[in-house]
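Visitor: sequence plus predicted model, see below.
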Amino acid sequence: MENINTGLLLMLVGMVTVFVILLIVIYGSRLLIRIINKIAPEETVAPKQQQDDLSAVRPVLDAAVAQLTGGKGHIVNIKKL
């Protein structure tokens, strides 16, 4: 019976230790993120014009689809994901 009690005590101490360490990691990372965001805020980047990007790529995609489908396939819509 003494071995079971010792085993349960060790298991409880181990689980509490892991839980405390995980809490330290979680709150430490949240604090680090807040500090970094105050020191170096995210830069805003102006969105590129999607139409210009697609107009440059469209002929290449048309040629690739035509070659793969033997001229039977056509591009209907292009979306940037």
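Guide: Right, received. Where do you want to start? Residues are numbered from 1 along each chain as shown.
Visitor: so what are the domain limits for the protein?
Guide: Following automatic domain parsing, one finds the domains of the chain at 1-44, 46-81.
Visitor: what about Leu54, how many residues close to it?
Guide: 13 (other C-beta atoms under 10 Å). Where you see a C-beta, it was placed from the backbone N, CA and C, and this is true even at glycine.
Visitor: that one contacts Ile78, correct?
Guide: Yes. In this structure Leu54 lies within contact range of Ile78 using C-beta atoms under 8 Å: 5.5 Å.
Visitor: what touches both of the two?
Guide: With contacts defined as C-beta atoms under 8 Å, 6 or more residues apart in numbering, no residue is shared by Leu54 and Ile78.
Visitor: contacts for the least confident helix or strand in the chain by mean pLDDT?
Guide: Ranking every helix and strand in the chain by mean pLDDT, DSSP states H and E puts helix 50-69 at the bottom, with a mean of 80. For helix 50-69, contacts defined as C-beta under 8 Å, 6+ apart pick out Gly73, His74, Ile75, Ile78, Lys80.
Visitor: ok, now which ones touch the third one?
Guide: It refers to Ile75. So Ile75 contacts Arg58, Leu61, Asp62, Val65 (C-beta under 8 Å, 6+ apart).
Visitor: with the second one instead?
Guide: His74 sits next to Val65 when contact means C-beta under 8 Å, 6+ apart.
Visitor: need the pLDDT of it.
Guide: Looking at His74, its pLDDT is 83.
Visitor: roughly how far apart are it and Leu68?
Guide: 12 Å (C-beta to C-beta, to the nearest Å).
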